[in-house]
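Student: The sequence and its predicted three-dimensional model are supplied below.
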Amino acid sequence: MTARPARGRKRRAHLLGAFSACLALGILDVTAATAQSLGSGLLNPMRGAFVAPRDLPLRNTSEAASGGLPAPPSPPAPPAPPDSNQDKSGQPAPSRIGQVPTYGLPAASGAASSGYDSFNRNRRKPKYYPAQLKPKPPPGPGSQPLQNAAAQLRLSIPPSESANKQPLPPGMAGTAQGQPARRRLKVDDDPFGAVGDYAGPFLIKSAVELSAGYDTNPGRLFDSHGLPTWVVAPEFLAVSNWERHALVADLRGSFTGYGGSLPQTIDGQINPAPTNLDRPDFTGHVDGRFDVTADTAVTAQLRLRIATDNPGSPNIQAGLARYPVYQTLGSTVGFDQRFNRLQISGGATLDRTTYQSSVLTDGTLATNDDRNYNQYGGAGRVSYEVMPGLKPFAEVEGDTRVHDQQFDRSGFERDSSGGYAKAGTSFEFTRLLIGELAIGWAERSYIDPRLNRLQGFLTSGSLIWSATPLTTAKFITDTQITETTLPLSSGVLVHTYAFEVDHDFRRWLTAIGKFTYGTYDYSGNVRKDKTYSIEGDLIYKMTRSLWIRGTLRHDVLESNVPLSSSSAIVALLGVRLQN
């Protein structure tokens, strides 16, 4: 009884040990398999390396994404409707779930030639057709945007360009291949200038300026006597528009009137200035050119000058009622021949100068026939274009003056002969500096041995410097030998220098400053005069046809003859009407 229970306990112990061994063996197998699985992904830096792929909370359903384990079977997909995505064989298209999307266009393919390129590739240079205008590259950062091939800067597209329009032929629209870009219209340099009217082949411009003000010394006397003044100044310009030949008529004049008169005597002596100071001034010429060939032309000019002696001049008689008016009518006929860069010009001149009789304050007349004369002469000029914008030249002129009377009022023979020779050059550098400048020598010999030869240094020229788009500087100089009635004086050698600066504060508001300096040398006489003039103008351009102008001028005459110097201030305000 005692031994049987002992054998049962041993048997149960043996069975329990075998079961424990089997259980341990199974656990060891599973542990080894798990350890092997963990060991293969122990150093894997990817998320989920220590977790079985099937146990990941976010996993792909494809077999490749499940770590090599087969995906659970899925029920067969129902047949696709006729309008679903199918391949050419009629089978359903593969699922895009879990796949990287592709859109058929590579990255940065929409940058074209002007958009942003994420690959930082070199842009393709645009192709231009022959004779097509090419834009210039910008000089650097901060520069203005480039213009297109037509040189049109487009900041925005107006609604009218996007509206529905009738299509135009490519040739008319300027989009035909190989068609040169159309040249843009020239910018109007003077938006408030006169437009003019066409009369047949002629462009006609006309204007009239009306001014009124006050002159502190209209007679240019040593003792000033002021008077109100008014000025009427008409202008006329006609230019032909022919393919060949040319005809230009330029007529400009003025009439200066005063609202009173000067006394006949000043300080008990005869007034050296006229009592009536009204005087005209007119300068006109008509120029014509007849083109015989492409290099040969015949030129002609008809000119007219009407004026009086300048106030304060010693040629004015004492006791005059008004200024005697003189007129000079002349013409020139010549030719112009070009040999490539060499140009030769020449012409013959004929001028006739006549004076009206002087009206004295007592009502009598004094003849001025001794001042009337004819001038015959000729001029020649040779120029050579060294380079575009630089054209040196040499010019020679000679003439003879024959008076209607052999002796003048003082018993002198005034007939003479003379001329000048000068050399210079013309300028045209990028339109910033244009004009010409020359220096030379002028002289005149008289028949009367008592009259000395009149000679001196000569300067002539006219320069225009466009300092800025709004500022322009001008320089004008001229030299002349004029007649005089002073005894023992051959003539007057006159030098004039004028400086002018124009500035546009706005296109419709312009300020002009002008300074003029002149010398009057009376040969054979002790008299020498100097003139100074400072002038300021302010122009308000209301429209193309109406301007308002204000002028303030100060004139000074210095003479070495006692009681001959003078000073005057002139203030004018007026309007200009033009077409």
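Tutor: Cool, got the structure.

Student: Against L251, how distant is T361?
Tutor: Noted for T361: a distance of 34 Å to L251, by C-beta to C-beta, to the nearest Å. All C-beta spots, glycine's among them, are computed from the backbone N, C-alpha and C.

Student: Okay, and E558 sits in which element?
Tutor: strand 546-559 (DSSP states H and E).

Student: go on, G171?
Tutor: Going by DSSP H and E, G171 is part of helix 170-173.

Student: got the CA coordinates for that helix in CSV?
Tutor: In CSV, the C-alpha atoms belonging to helix 170-173 read as follows (Å, rounded to 0.1, in the frame of the first residue of the first chain):
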residue,chain,number,x,y,z
PRO,A,170,0.0,89.1,-90.2
GLY,A,171,1.5,91.6,-92.5
MET,A,172,-0.7,94.4,-91.2
ALA,A,173,-0.4,93.3,-87.5
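
Student: chain center to it, what's the gap?
Tutor: Computed by C-alpha atoms, centre = their mean, to the nearest Å, the separation of helix 170-173 from the middle of its chain amounts to 31 Å.

Student: Could you tell me which residues within it count as buried?
Tutor: For helix 170-173, a neighbour-count test (16 or more other C-beta atoms under 10 Å) marks nothing as buried.

Student: quick one, what contacts Y355?
Tutor: When contacts are counted by C-beta atoms under 8 Å, 6 or more residues apart in numbering, Y355 touches P324, V325, Y326, N368, D369, R371, N372.

Student: From Y323, how far off is the closest residue to the third one other than its chain neighbours?
Tutor: Nearest non-adjacent residue to Y326, counting by C-beta to C-beta, 6 or more residues apart in numbering: Y355, 4.5 Å away. Look at Y355 and Y323: by C-beta to C-beta, they are 11 Å apart.

Student: same question, A442
Tutor: Relative to Y323, A442 is positioned 28 Å away (C-beta to C-beta).

Student: Could you find the closest non-adjacent residue to K530?
Tutor: E558 (4.6 Å).

Student: I'd guessed that neighbour sits against D529; true?
Tutor: Yes - the criterion here is C-beta atoms under 8 Å, and E558 meets it with D529 at 6.9 Å.

Student: out of these two, which sits in the more crowded spot?
Tutor: Applying other C-beta atoms under 10 Å to E558 and D529 shows that D529 carries more neighbours, namely 21 against 13.

Student: Mind listing the residues bridging to the more buried one?
Tutor: D529 forms beta bridges with Y520, S559, as assigned by DSSP bridges.

Student: In contact with it: list those residues for me.
Tutor: D529 touches T519, Y520, Y522, L557, E558, S559, N560, S564, counting by C-beta under 8 Å, 6+ apart.

Student: Highest neighbour count among those residues?
Tutor: Neighbour-wise, those (other C-beta under 10 Å) top out at L557, 23 neighbours.

Student: check contacts around the residue nearest to that residue when sequence neighbours are not counted.
Tutor: Distances taken as C-beta to C-beta, 6+ apart put S566 closest to L557, at 4.7 Å, once the chain neighbours are dropped. Contacts for S566 (C-beta under 8 Å, 6+ apart) come out as N217, R220, L221, F222, S224, G312, D555, V556, L557.

Student: need the residues you listed in CSV with distance to A207, can you?
Tutor: Shown next, in CSV, are the contacts of S566 (distance: C-beta to C-beta, whole Å):
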residue, distance to A207
N217, 29
R220, 28
L221, 33
F222, 37
S224, 32
G312, 30
D555, 25
V556, 30
L557, 31
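
Student: just these now: which is nearest P180?
Tutor: D555 (56.5 Å; C-beta to C-beta).

Student: what distance separates the helix or strand following the helix holding G171 from the middle of the whole chain?
Tutor: Downstream of helix 170-173, the first helix or strand assigned by DSSP H and E is strand 197-199. A distance of 26 Å separates the C-alpha centroid of strand 197-199 from that of its chain, computed with C-alpha atoms, centre = their mean.

Student: which helices and strands sit right next to strand 197-199?
Tutor: With contacts defined as 3 or more C-beta pairs under 8 Å, 6 or more residues apart in numbering; DSSP states H and E, strand 197-199 has these neighbours: strand 202-215.

Student: who does the strand it packs on pair up with?
Tutor: Sheet pairing for strand 202-215, using DSSP bridges, gives strand 197-199 (antiparallel), strand 227-240 (antiparallel), strand 566-578 (antiparallel).

Student: Pull up the gap between G363 and T275, please.
Tutor: Counting by C-beta to C-beta, the gap from G363 to T275 is 12 Å.

Student: Looking at these two, which is more packed in?
Tutor: Higher neighbour count among G363 and T275: T275, with 16 against 7, using other C-beta under 10 Å.

Student: Leaving out chain neighbours, which residue sits closest to that one?
Tutor: S261 (4.6 Å).

Student: repeat for V494
Tutor: Spatial nearest neighbour of V494, chain neighbours left out: Q480 (4.8 Å); criterion: C-beta to C-beta, 6+ apart.

Student: Is it correct that the one you found falls within a strand?
Tutor: Yes - according to DSSP: H, G, I helix; E, B strand; the rest coil, Q480 belongs to a strand.

Student: how close does it sit to A423?
Tutor: 18 Å.

Student: so T299 bridges to which residues?
Tutor: Going by DSSP bridges, T299 forms beta bridges with R289, G334.

Student: Surely it touches D291?
Tutor: No - contact criterion C-beta under 8 Å: T299 and D291 do not qualify, at 10.2 Å.

Student: Give me the three-state assignment for the nearest residue to T353 once chain neighbours are set aside.
Tutor: Take T353 and drop its neighbours on the chain: the residue closest to it by C-beta to C-beta, 6+ apart is T328, 4.6 Å away. Following three-state DSSP, T328 is assigned to strand.

Student: ok, T328 - contacts?
Tutor: Each residue near T328 by C-beta under 8 Å, 6+ apart is listed here: R303, L304, R305, D351, R352, T353.

Student: and if you look at F290?
Tutor: Residues counted as contacts of F290 (C-beta under 8 Å, 6+ apart) are H245, A297, V298, T299, A300.

Student: Can you find the helix or strand in the chain with the smallest mean pLDDT?
Tutor: Taking mean pLDDT, DSSP states H and E as the measure, the chain has helix 3-40 as its least confident helix or strand, at a mean of 50.

Student: Point out where the stretch 51-200 of the chain drops to low pLDDT.
Tutor: 51-93, 102-117, 129, 131, 137-162 (pLDDT under 70).

Student: hmm, back to that, out of the contacts of S566, which are buried?
Tutor: N217, R220, L221, F222, G312, D555, L557.

Student: Looking at those, which one is closest to I434?
Tutor: The closest of the buried ones among the contacts of S566, once distances to I434 are taken by C-beta to C-beta, is D555, at 29.6 Å.

Student: Give me the buried entries from the contacts of Y355.
Tutor: Here, 16+ other C-beta under 10 Å leaves P324, V325, Y326, N368, R371 buried among the contacts of Y355.

Student: so which pair among these is furthest apart in space?
Tutor: V325 and R371 (12.1 Å).

Student: Now do the strands in the stretch 301-450 of the chain.
Tutor: Secondary structure of the stretch 301-450 of the chain, counting by DSSP state E, counting those that start in this stretch: strands at 326-339, 342-355, 358-359, 365-366, 373-384, 390-403, 416-429, 433-446.

Student: What does the pLDDT read for the residue nearest to R431 when sequence neighbours are not counted?
Tutor: In space, R431 comes closest to S466 once its chain neighbours are excluded; the distance is 6.7 Å by C-beta to C-beta, 6+ apart. pLDDT for S466: 91.

Student: Which strand or helix spans S466?
Tutor: strand 454-468.

Student: sorry, back to before: what about the strand holding E558, average pLDDT?
Tutor: Here strand 546-559 scores 96 as its mean pLDDT.

Student: can you give me how far that strand is from the chain middle?
Tutor: The chain centroid and the centroid of strand 546-559 are separated by 28 Å, computed with C-alpha atoms, centre = their mean.
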